[in-house]
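J.: heads up, no residue letters with this:
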């Protein structure tokens, strides 16, 4: 099962609030097994398996980097470079946040392309090659373009954090799958994607990248 996670919902239960896993299990009245996760601030596509065998199989696809993930992000800060690869080890700071270091022992790798879409707002198409905690958030901060609304990583305060898991590509049971889901919340995302919540220009940009 692939669902569109809303922004602002934690993955697991905590602080008296039901997490995404509990909400889905109650809604569909079936056991669902998470095979990857998204941060609380992040919206978009996330995969759940319906049994243990599928969980193991999906886990292997992630481990072998056979699932391509593409994210959309917005920033109101101009990046040091417009496209390329961000690479470096990630280290936890005293505040509990993560920072990118100049070492490469077990580096996070994030490929990106960016484009100005309106005055002061830049769209980032991001493809993480690894799956580190807060990887995209830290990578864009290191560029000088923290994600709009991601105040933990110096982003300008906004109506939401503008990070969305837009596309998943993988092979399942000999079938090639490409799943896309445009953002459904956030005024700037909706403006960028159009009133019908989809924009062929963005899809074309993702494919070219």
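T.: Nice, thanks for sending it over. Not measured: the values here are computed from a predicted model.
J.: And residue 150, how close does it get to residue 76?
T.: According to C-beta to C-beta, to the nearest Å, residue 150 and residue 76 sit 11 Å apart. (Glycine included, C-beta is placed from N, CA and C.)
J.: how about residue 58, secondary structure?
T.: What DSSP: H, G, I helix; E, B strand; the rest coil gives for residue 58 is helix.
J.: Identify the residues contacting it.
T.: The neighbours of residue 58, taking C-beta atoms under 8 Å, 6 or more residues apart in numbering as the test, are 35, 47, 49.
J.: Would you mind measuring from it to residue 31?
T.: Residue 58 sits 15 Å away from residue 31, going by C-beta to C-beta.
J.: and if you look at residue 179?
T.: Distance of residue 179 to residue 31, computed by C-beta to C-beta: 22 Å.
J.: again, but for residue 171
T.: 24 Å.
J.: Between residue 150 and residue 76, tell me which one has more neighbours.
T.: More crowded of residue 150 and residue 76, by other C-beta atoms under 10 Å: residue 150, with 26 against 18.
J.: what are the ranges of the strands in the protein?
T.: Using DSSP state E, the strands of the chain run over 2-5, 33-34, 43-49, 68-75, 83-88, 90-92, 98-100, 108-118, 121-128, 163-172, 175-180.
J.: need these in a markdown table with mean pLDDT, can you?
T.: Formatted as a markdown table, the strands of the chain follow (pLDDT from 0 to 100):
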| stretch | mean pLDDT |
| --- | --- |
| strand 2-5 | 95 |
| strand 33-34 | 90 |
| strand 43-49 | 96 |
| strand 68-75 | 96 |
| strand 83-88 | 96 |
| strand 90-92 | 95 |
| strand 98-100 | 95 |
| strand 108-118 | 94 |
| strand 121-128 | 95 |
| strand 163-172 | 96 |
| strand 175-180 | 95 |
